[in-house]
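Student: Pasting the sequence and the predicted coordinates here, then a few questions.
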Amino acid sequence: MAIAMDFGTCNTVFVRWNHATRQAELVDIPKLTRRFPYRLPDRPKELTASVVPTLIHYGEKGSPPLGEQVATDGLVDHQGTFRWLKLDLLKGNDKGKNIHGIKRTPRQAATYFVTDTLTFALGALGGGANEELVITVPVEAEDGYVDWLRRTVESVAGGRRVQVLDEATACILGYQETVKNDDVYAIADFGGGTFDFSIVRVNLGAEGLKKCLIRGRAGEELGGMLVDHWMLERMKAAEKLSDADIREVGTPLLRGIEEAKIKLSRGAPGAEAGWTNDLTGLVISHTFTPGELREVLERHDFFKLVARTVDRALQAADDKYKVKKRDIQRVFLVGGTSLLLGVRELMGSLFPDRPVEFGKPFEAIAAGACRYAGQDFDPTLVHDYAVESWNPELKEFELVTVIEKGTQYPTNGAIKGKYLSAACDQADELKMVVYELTEIVRPGTTLVMGPDGRMMEQQTGTARVERRRPLNPEAEDFLRPNPPCDRDETKRFVVGFGVNENKCLTISVKDTRPGNRSKVRASDGRFIDLPIRNEPLVRL
């Protein structure tokens with residue numbers, strides 16, 4: 001029985017595959033699961049999804065409550081509660097906060113949340129050790145995040161096989177019953193922190209989906225949380241609130257705004273969001289209307305940014321695979337923010353002559369991941385890998401691409417070779433820093449949540465930025481030549497790069513000098529003898 005975990009910004013979903021019914025089933029975890037009600041635009045009957053709110057609270061003692069326990073205990077707005085952990089990790093934000101005299105960081109909190117909720121889910125199912133675990137990651141997830149999540153899950157897997165699947169491929173599997181062989185489809189994943197748009201071609205076999213060929217992808221930091229902050233800005237202006245009025249409130253007010261957004265998206269004519277300070281008597285309140293929410297979205301170019309992201313994915317598909325917009329047969333919507341007011345209409349306007357599927361906003365990704373076991377996929381990279389290299393003519397460091405975006409993985413070993421050379425004679429340390437390069441649109445907001453749960457002013461504007469994230473930032477002495485290396489030994493060290501099945505950059509290093517005792521220095525201080533072959537760089 002396969003078990004899938006979709007670790008989300010706002011909610012985490014567990015699904016198991018029932019071989020008897022050949023269906024994916026949401027997993028209920030006693031006390032942790034919340035029954036989330038929602039309504040689809042064309043269906044009058046209210047539906048529910050079993051989700052675990054991505055929440056963890058650190059108290060003075062005892063095991064931290066998780067998920068719905070945090071809400072039941074009235075601790076969602078407490079300073080000791082962590083929310084939006086996934087977004088923090090994807091952004092590389094690990095700023096801690098002092099809770100009862102102990103510093104807690106988002107990575108520590110996320111690790112505890114993942115390991116404990118997964119342990120409880122496995123316990124609720126009562127399965128054996130042969131189950132396969134499949135975890136999903138965003139399209140734009142970088143190596144550090146993927147490696148952290150995989151290793152965290154492996155720590156409690158109990159010998160089970162752990163596989164990683166991107167959320168776009170998982171989504172197409174979740175809607176597998178509606179796809180046809182060799183057709184092209186689009187997946188729009190609207191999450192709490194990000195928006196991902198993917199174009200795929202499916203290859204069906206006798207037992208179902210055999211291959212999922214990624215033909216174009218684009219993703220942005222554009223999700224439900226950002227909309228909440230925009231609505232908060234609107235409330236501040238409409239009610240003439242001061243910075244001091246807003247600064248001390250933080251999470252409680254944002255949570256009220258999120259609930260108002262959900263109500264409006266479900267068809268309510270109006271929704272109030274507010275907060276009262278019982279000590280000072282300050283009352284903050286504002287009633288939002290559907291028209292006002294739409295105006296907020298339009299003012300911040302939400303719909304335009306979504307359309308531009310779609311265009312980038314379409315352009316990538318056309319440039320590399322000659323897949324055109326007209327080739328797309330169906331569009332699948334997934335993620336809680338896909339229920340946001342105006343989203344379905346927007347996707348319908350972008351693809352006016354194609355069906356837009358939206359019936360599985362919460363479970364499609366995790367349900368599709370359950371179907372992944374033993375199947376074959378050809379995913380592609382959506383970012384470049386580059387090495388910092390010294391240019392002797394310019395007399396400065398520059399980034400040289402070693403693996404380009406669009407490359408299919410796993411690469412089954414090194415696909416790009418490079419020679420590492422010394423800058424001076426008798427060098428006993430050689431530097432090598434590798435970067436992931438992505439280009440994203442980062443929409444602006446003037447109010448952000450600080451690490452202590454309070455609101456902070458931040459003047460930003462919508463901008464396209466290149467994000468460079470080093471995979472091995474402490475790489476000043478990555479390679480230890482023994483004997484030392486001279487400048488004329490330009491081909492002594494051969495370095496090869498590849499990408500493994502978990503979308504992690506791998507490195508192979510060989511010292512061609514006979515009788516050498518050279519080593520590489522890992523990030524934890526260990527020294528590893530050369531040669532090394534296909535080692536994940538983030539683990540060195």
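Tutor: Looks like it came in fine. Numbering: from 1, shown residues only.
Student: contacts and neighbour counts: CA atoms only from here.
Tutor: OK.
Student: Buried residues, the helix or strand where Asn203 lies. List them.
Tutor: Per DSSP states H and E: Asn203 is located in strand 195-205. By 16 or more other C-alpha atoms under 10 Å, the buried positions in strand 195-205 come out as 195-204.
Student: Who does it pair with, and is each partner parallel or antiparallel?
Tutor: strand 184-190 (antiparallel), strand 208-220 (antiparallel) (DSSP bridges).
Student: Tell me the helix or strand right after the strand or helix carrying Arg151.
Tutor: Using DSSP H and E, Arg151 falls within helix 143-154. As assigned by DSSP H and E, the chain's next helix or strand after helix 143-154 is strand 162-166.
Student: Check which helices and strands that following strand is in contact with.
Tutor: Applying 3 or more C-alpha pairs under 8 Å, 6 or more residues apart in numbering; DSSP states H and E, one finds that strand 162-166 makes contact with strand 132-137, helix 143-154.
Student: tell me how far it is from the chain's mean position?
Tutor: With C-alpha atoms, centre = their mean, to the nearest Å as the basis, strand 162-166 stands 13 Å off its chain's centre.
Student: any idea of the angle the next helix or strand after it forms with strand 132-137?
Tutor: Using DSSP H and E, the next helix or strand after strand 162-166 towards the C-terminus is helix 167-174. Between helix 167-174 and strand 132-137, the angle comes out at 130 degrees (axes from the mean of the first three to the mean of the last three C-alpha atoms, to 10 degrees).
Student: Could you list every helix and strand that helix 167-174 packs against?
Tutor: Here helix 167-174 touches strand 132-137, strand 184-190, strand 195-205, strand 328-334, helix 364-370, going by 3+ C-alpha pairs under 8 Å, 6+ apart.
Student: would TSV of the helices and strands packed on strand 162-166 with mean pLDDT, mean neighbour count and distance to Pro531 be doable?
Tutor: As requested, these are exported to TSV (pLDDT from 0 to 100; neighbours: other C-alpha atoms under 10 Å; distance: least, C-alpha to C-alpha, whole Å):
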stretch	mean pLDDT	mean neighbour count	distance to Pro531
strand 132-137	89	24	31
helix 143-154	92	19	23
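Student: Looking at these, which is nearest to Ile172?
Tutor: strand 132-137 (12.8 Å; C-alpha to C-alpha).
Student: how about Ala273, secondary structure?
Tutor: With DSSP: H, G, I helix; E, B strand; the rest coil as the basis, Ala273 sits in strand.
Student: Verify the contact between it and Leu253 for me.
Tutor: Yes. The pair Ala273 and Leu253 qualifies as a contact (C-alpha atoms under 8 Å) at a distance of 7.2 Å.
Student: ok, back up a step: same list, the buried residues of strand 195-205, but as TSV with distance to Arg487 and pLDDT please.
Tutor: TSV is the format used below for the buried residues of strand 195-205 (distance: C-alpha to C-alpha, whole Å; pLDDT from 0 to 100):
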residue	distance to Arg487	pLDDT
Phe195	47	89
Asp196	46	86
Phe197	47	91
Ser198	46	89
Ile199	47	91
Val200	47	87
Arg201	49	87
Val202	51	82
Asn203	51	76
Leu204	54	69
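Student: and of those, the nearest to Leu89?
Tutor: Taking the buried residues of strand 195-205 together and measuring to Leu89 by C-alpha to C-alpha, the closest member is Phe195, at 16.0 Å.
Student: All set now, cheers.
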